[in-house]
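> here is my input; please provide its structure:
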Amino acid sequence: MEKLGFSRCEVDQAVFLRQAGKKLIIVLVHVDDCTIIANAQPLITQFKIKIAKHVDITDLGDLHWILGIEILCIHEER
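Reported below is the predicted structural model:
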């Protein structure tokens with residue numbers, strides 16, 4: 001993840017962050033699953049392309065539930 005410009009969260013070793021100005025992307029890793037959160041969809045798309053060069057990935061689409069919490073995505077055009 002460091003090669004992709006991410007830093008590891010000091011509190012949780014399974015959380016990686018990358019921030020440049022107002023652009024923020026957070027990746028949560030659990031065994032062989034990742035949850036990707038960003039404040040702009042292109043950041044997620046770019047991350048998927050870059051990480052696929054290092055490991056095989058399967059894109060399961062938008063997140064709907066995590067830890068029993070329903071996730072609603074608001075896609076805004078910017």
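> what about residue 68, distance to residue 51?
27 Å (C-beta to C-beta, to the nearest Å). For every residue, glycine as well, the C-beta is placed using N, CA and C.
> who's more crowded, these two?
Each of residue 68 and residue 51 has its neighbours counted (other C-beta atoms under 10 Å); residue 51 has more, 16 against 5.
> identify the residue nearest residue 51 in space, chain neighbours excluded?
Among residues not flanking residue 51 along the chain, residue 57 sits closest, at 6.3 Å (C-beta to C-beta, 6 or more residues apart in numbering).
> assumed the one you found was part of a helix.
No: per DSSP: H, G, I helix; E, B strand; the rest coil, residue 57 lies outside any helix segment and is coil.
> not counting whichever strand or helix holds residue 48 itself, show me its contacts.
In the assignment (DSSP states H and E), residue 48 maps to helix 41-51. Contact with helix 41-51 is made by 4, 23-25, 27, 34, 36, 38, 57, 59, 75, as judged by C-beta atoms under 8 Å, 6 or more residues apart in numbering.
> which ones among the residues you listed lie within strands?
Using DSSP state E, the subset of these located in strands is 23-25, 27, 34, 36, 38.
> distance to residue 64 and pLDDT added to those, as TSV?
Conversion of the ones in strands among the contacts of helix 41-51 to TSV gives the following (distance: C-beta to C-beta, whole Å; pLDDT from 0 to 100):
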residue	distance to residue 64	pLDDT
23	24	93
24	21	95
25	20	96
27	18	94
34	15	89
36	14	93
38	17	92
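> can you select the buried ones from the residues you listed in PyMOL?
Here is the PyMOL command that selects the buried residues among the ones in strands among the contacts of helix 41-51 (16 or more other C-beta atoms under 10 Å):
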select buried, resi 25+27+34+36+38
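> nearest spatial neighbour of residue 24, chain-adjacent residues omitted?
In space, residue 24 comes closest to residue 39 once its chain neighbours are excluded; the distance is 5.1 Å by C-beta to C-beta, 6+ apart.
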